[in-house]
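Asker: Return a 3D structure for these sequence lines:
(chains A and B)
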Protein chains: 2
Amino acid sequence: MSGLVRDLEGLLEARRVFAQQEDLLAYTNDATHRRVFPEAVVQPLTTSEVGKVLEYANRKRIPVVPRGAGTGLSGGATPVPGSLVLDMKRMRQILEVDQRNLTATLECGVVTQEFHKAVERLGLFYPPDPQSMSVCTIGGNVATRAGGPRGVKYGTTKDYVLGIEAVLPDGEVIHYGGKSVKMSSGYDLARLFTGSEGTLGVITKVTMKLLTLPPYRQSMVAVFGELDAAAETVSAIIAAGAVPSGLELLTKSSIETLEAFIPLGLPKDAEAFLLIELDGHEGKVHEDAGRIIAICEAHGVRETKIAQSAAEAERMWFARRALFPATARLAPNVLIEDATVNRTEVPTMVREIKAIAERLQITIGVSGHVGDGNLHPGILTDKSNPELMQRAEAAMGEIAKKALELGGTLSGEHGIGTLKAPYLEWEFGREGVQLMRRIKAAFDPNGIMNPGKIGAEWGGANV
Amino acid sequence: MSGLVRDLEGLLEARRVFAQQEDLLAYTNDATHRRVFPEAVVQPLTTSEVGKVLEYANRKRIPVVPRGAGTGLSGGATPVPGSLVLDMKRMRQILEVDQRNLTATLECGVVTQEFHKAVERLGLFYPPDPQSMSVCTIGGNVATRAGGPRGVKYGTTKDYVLGIEAVLPDGEVIHYGGKSVKMSSGYDLARLFTGSEGTLGVITKVTMKLLTLPPYRQSMVAVFGELDAAAETVSAIIAAGAVPSGLELLTKSSIETLEAFIPLGLPKDAEAFLLIELDGHEGKVHEDAGRIIAICEAHGVRETKIAQSAAEAERMWFARRALFPATARLAPNVLIEDATVNRTEVPTMVREIKAIAERLQITIGVSGHVGDGNLHPGILTDKSNPELMQRAEAAMGEIAKKALELGGTLSGEHGIGTLKAPYLEWEFGREGVQLMRRIKAAFDPNGIMNPGKIGAEWGGANV
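Answerer: Just a heads-up that it's a prediction; the model follows:
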């Protein structure tokens, strides 16, 4: 037994410390392809245990990689050699749902969909809906500012974090915020931890804002012969104040992929397919549906169809959810891009992605949360083919660069992780990245927290 | 002419550099009472001029105090001796209102109400409505996370900042964010500047999220014989999903103050008076108004009244807006508290404030944004009476302490400034404040930016 394992077993129960290769295998990557074995994994049950482990690791200068469900798409939870993975899934209590203040306080390891169910049973609503919500955790969602289709109307995880408990690398516990939606006291540490991808400390508890469950929902599809017309329609819908709770785009290539996987009868000759959900007050939903159809018609829609039942709406959304598995079967590996632009730049971005695919001789499927400009190009690749991988990574870089040229951002809802860390300076400039490094050092002077994520080479305090 | 003035005149036009006592007088305080003369004032017109001035001040170790309209209620814009005030009101261009992406990009010195008018002309809506909105600036609003009555439904300034341009003390310009509502790239520098009260650098431009203008509005009042019943009603209204766009409380003492100022015929024997505004879809507003009346009746309301016209609604809201001037005439100085608790703790907080007032033999009027638990006790005092001032400040401290005991925060929407800086450790503990000091040093290693604000004694990098 190594000294590390012995030390860890002195800090928390031996059965929650793992160091055998077969146990570590499940922790070697997130949903990205690169695998690195950590030195050990621990499963803390309490904030106090997290504190003890961090204090120890900080003293010994052992890199620490916090992990939720490992569903990330940017390499944010992939270990580094010699690291200690903190598996946070065992801290999974919903501590309180406060119906009168519309808040919930929960541990970081609560599964997002379990949280949805718990609040919906009380007539409450937590909107963020990452595609992996049946397994991913709230702590991971906060650490990556996870989003989902509902982002267009309801924003992403970041817009729901009211308070946070986190453990700093020295083992000290800090708290910021609480149940108040209004707060102007000190630097917003809750927001700084939100999207920090485990590089500043470990998020152990959060207090989230809740809404009341919308009483009514309606789904519809609109089929367009041309992508530009679909994109113009999207802007016109939002500008008209008829903001849908979901506004997804499937392009021709995604429709072909889907139909090859499950024949749903989608029109294969259409360039673009908008999938729209409205929610809220029934009268307003009906009015907005009427306005949206009128806007679609003014933009030359080929066909619109309102779901006549919950089952029909479910079939419409099934197509969207099936796209990731449908794409995944086309190639051994898929790199999912997440660069985000203004919604008005979506047609340009789609054309640029097609041009990049042609130039690099690579297949890229395009779909995404078009209502908020958050496309998810799927780059088909194979990690056993280094030359193809190189072209796939080049495509990622070119897509990222193009999104920034169009005034967008490297990531809408997945985070930077390791995959996009090399591009960080493109977005923030040298000065911006240096500033982020100094902020990192203010939290983590020894650079033990999730090294290499966000800013690839950031390390200790000497930055 | 001092060396400082000569140097500044080398950096920007001489007519935008002030150092005469009569010119400096207007810059000696914000809306709080303590006056300190700065050494000089400059009025930059561009980000580049801000950069030159900061680079110079940083090199010379001259304290810099950024200032919007000086309407702050926490001392955040009060100079320190020897300081240079940056009057940002001349940077007042609305650079773009993007109707298709629902965003606006503007310079920091734009007056909030002018911004409201500019977007409302286009059918768009920027909700934050600080009481000083006819003069205060967007930059100041961002720097203090300013709120207003609409906070209960729409959140505060912090919830609208999508992107920021800011100048660091070394003169370098950084950018974070843009027009995307989704972003998960790097540490959220835009949010860190939001509420930083000029202590990290100078905010020069912002990109704000816009909504579409609600098509319909309705105001109503509800009169309660007992405060607890009014507070219970507030929680029940929110929990029912009928979230008003304004939900204000006037207590017995505020009603007496108002009636002595302008007789509005408010019932002087009522303990609590709720002022409610609903906005949105007309059908939903009518339904919600009906539900709210039913909730009020279930909680023993004495009387409810729906405004029958825009003019009648305006009269109802006039009473709320008149409260600050009405209170101000009761004493030479008024300290406005801003401690915020969960809305369910409002009755306890009001009782505690009354008890503090009795114990310290001081007059405190209580009213505020009860829908979000953000009370604004007005402590009557007189700065020419040191003994009374001491009791007033003691009352402030006790109110702050009580709000924290009840799980609240030191400030909902005014910021910490100098008035609440001594209490910072009560909210965040020693570890939290030390962390904030290290963050401050990451931005401002020489401690030139707005010294003494937020964390009273923070200075240079040696923290």
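Asker: And what about A:V346, helix, strand or coil?
Answerer: Three-state assignment for A:V346 (DSSP: H, G, I helix; E, B strand; the rest coil): helix.
Asker: can you tell me the helix or strand for the nearest residue to A:G72 once chain neighbours are set aside?
Answerer: Among residues not flanking A:G72 along the chain, A:D30 sits closest, at 4.0 Å (Cβ to Cβ, 6 or more residues apart in numbering or on different chains). Placement of C-beta: from N, CA and C, glycine included. For A:D30, there is no enclosing helix or strand under DSSP states H and E.
Asker: Starting from B:T112, give me the distance back to A:D30.
Answerer: Using Cβ to Cβ, to the nearest Å, A:D30 is found at 43 Å from B:T112.
Asker: Who has more neighbours out of these two?
Answerer: Here A:D30 and B:T112 are compared on neighbour count by other Cβ atoms under 10 Å in any protein chain shown; more neighbours surround B:T112, at 27 against 23.
Asker: Am I right that the more buried one is in contact with B:V142?
Answerer: No - applying Cβ atoms under 8 Å as the test, B:T112 and B:V142 come out as separate, 10.5 Å apart.
Asker: for the record, mean pLDDT for the helix or strand hosting A:L258?
Answerer: For A:L258, the host element (DSSP H and E) is helix A:252-261. In this model, helix A:252-261 carries a mean pLDDT of 85.
Asker: and if you look at stretch A:81-101?
Answerer: When pLDDT is averaged along stretch A:81-101, the result is 97.
Asker: Check whether that stretch comes near chain B.
Answerer: Yes - Stretch A:81-101 lies within reach of chain B by Cβ under 8 Å from any Cβ of the partner chain, at A:98-101.
Asker: returning to what we had before: the residue nearest to A:G72 against A:T71, yeah?
Answerer: Yes - with contact defined as Cβ under 8 Å, A:D30 reaches A:T71; the gap is 6.6 Å.
Asker: The next helix or strand after the helix holding A:L258 pairs with which strands, and in what direction?
Answerer: Note on helix A:252-261: by DSSP H and E, the next helix or strand toward the C-terminus is strand A:272-280. The strands beside strand A:272-280 in its sheet (DSSP bridges) come out as strand A:216-224 (antiparallel), strand A:246-251 (antiparallel).
Asker: after strand A:272-280 comes which helix or strand?
Answerer: Once strand A:272-280 ends, the next helix or strand along the chain (criterion: DSSP H and E) is helix A:282-298.
Asker: ok so, going back, deepest-packed of the strands paired with strand A:272-280, please.
Answerer: strand A:246-251 (a mean of 25; mean count of other Cβ atoms under 10 Å in any protein chain shown).
Asker: Go ahead and measure how far it is from the middle of the chain.
Answerer: Strand A:246-251 sits 17 Å away from the centroid of its parent chain (Cα atoms, centre = their mean, to the nearest Å).
Asker: Also stretch A:264-282?
Answerer: Distance, stretch centre to chain centre, for stretch A:264-282: 23 Å (Cα atoms, centre = their mean).
Asker: which of the residues in it are buried?
Answerer: A:266-267, A:270-282 (16 or more other Cβ atoms under 10 Å in any protein chain shown).
Asker: Kindly export that stretch (C-alpha atoms) in CSV.
Answerer: Extracted as CSV, the C-alpha positions of stretch A:264-282 are listed here (Å, rounded to 0.1, in the frame of the first residue of the first chain):
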residue,chain,number,x,y,z
LEU,A,264,-38.8,9.5,-37.9
GLY,A,265,-40.1,10.6,-41.3
LEU,A,266,-38.3,14.0,-41.1
PRO,A,267,-38.1,15.7,-44.5
LYS,A,268,-34.6,14.9,-45.8
ASP,A,269,-34.6,17.6,-48.5
ALA,A,270,-35.2,20.4,-46.0
GLU,A,271,-32.2,22.6,-45.1
ALA,A,272,-33.4,23.4,-41.6
PHE,A,273,-35.8,22.2,-39.1
LEU,A,274,-36.8,24.3,-36.1
LEU,A,275,-38.1,22.6,-33.0
ILE,A,276,-39.9,25.0,-30.7
GLU,A,277,-41.4,24.7,-27.3
LEU,A,278,-43.5,27.3,-25.5
ASP,A,279,-44.4,27.3,-21.9
GLY,A,280,-46.2,29.5,-19.4
HIS,A,281,-49.7,30.9,-19.1
GLU,A,282,-52.0,29.0,-21.5
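Asker: got the CA coordinates for stretch A:139-153 in PDB?
Answerer: C-alpha atoms of stretch A:139-153 as PDB (Å, rounded to 0.1, in the frame of the first residue of the first chain):
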ATOM      1  CA  GLY A 139     -22.000  20.500  -8.700                       C
ATOM      2  CA  GLY A 140     -20.600  19.600 -12.100                       C
ATOM      3  CA  ASN A 141     -23.300  21.800 -13.700                       C
ATOM      4  CA  VAL A 142     -22.300  24.800 -11.500                       C
ATOM      5  CA  ALA A 143     -18.600  24.100 -12.200                       C
ATOM      6  CA  THR A 144     -19.200  24.200 -16.000                       C
ATOM      7  CA  ARG A 145     -22.100  26.700 -16.200                       C
ATOM      8  CA  ALA A 146     -24.000  23.900 -17.900                       C
ATOM      9  CA  GLY A 147     -27.000  24.800 -20.100                       C
ATOM     10  CA  GLY A 148     -29.500  23.000 -22.200                       C
ATOM     11  CA  PRO A 149     -32.400  23.700 -24.600                       C
ATOM     12  CA  ARG A 150     -34.200  25.800 -22.000                       C
ATOM     13  CA  GLY A 151     -31.300  28.300 -21.900                       C
ATOM     14  CA  VAL A 152     -32.900  30.500 -24.600                       C
ATOM     15  CA  LYS A 153     -35.700  31.500 -22.200                       C
END
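Asker: List the beta-bridge partners for the nearest residue to A:V370 once chain neighbours are set aside.
Answerer: Distances taken as Cβ to Cβ, 6+ apart put A:L249 closest to A:V370, at 3.6 Å, once the chain neighbours are dropped. Residues in a beta bridge with A:L249, per DSSP bridges, are A:L274, A:G368.
Asker: From chain B, how far off is A:L249?
Answerer: 15 Å (Cβ to the nearest Cβ, to the nearest Å).
Asker: That residue contacts A:D372, doesn't it?
Answerer: No - counting by Cβ under 8 Å, A:L249 does not reach A:D372; the two are 10.9 Å apart.
Asker: Name the residues of the stretch 1-150 of chain A found near chain B, please.
Answerer: Proximity of the stretch 1-150 of chain A to chain B, by Cβ under 8 Å from any Cβ, involves residues A:98-103, A:123, A:144-147.
Asker: Give the burial count for the closest residue to A:D87 other than its chain neighbours, as a bare number.
Answerer: Once flanking residues are discounted, A:D87 sits nearest to A:Q43: 4.7 Å by Cβ to Cβ, 6+ apart. For A:Q43, the neighbour count with other Cβ under 10 Å is 19.
Asker: Low-confidence regions, chain A specifically.
Answerer: A:1, A:456, A:458-463 (pLDDT under 70).
Asker: Walk me through the domains of it.
Answerer: As given by automatic domain parsing, the domain ranges for chain A are A:3-87, A:94-212, A:216-325, A:331-405.
Asker: Go through those domains and pick out the most buried.
Answerer: Among those, judged by mean count of other Cβ under 10 Å, the one packed with the most neighbours on average is domain A:94-212 (a mean of 23).
Asker: Give me the distance from that domain to the chain's centre.
Answerer: Here domain A:94-212 is found 13 Å from its chain centre; the criterion is Cα atoms, centre = their mean.
Asker: tell me how far the ends of that domain are from each other?
Answerer: 18 Å (Cα to Cα, to the nearest Å).
Asker: How about stretch A:88-101?
Answerer: 27 Å.
Asker: Need the contact partners of that stretch.
Answerer: Residues outside stretch A:88-101 that contact it (Cβ atoms under 8 Å, 6 or more residues apart in numbering or on different chains): A:16, A:43-47, A:66-69, A:103-111, A:114-115, A:118-119, A:122, A:124, A:137, A:139, A:179, A:202, A:204-205, A:210, B:235-236, B:238-239, B:342-344.
Asker: And that stretch, how far out from the chain middle?
Answerer: For stretch A:88-101, the distance to the chain centre is 21 Å (Cα atoms, centre = their mean).
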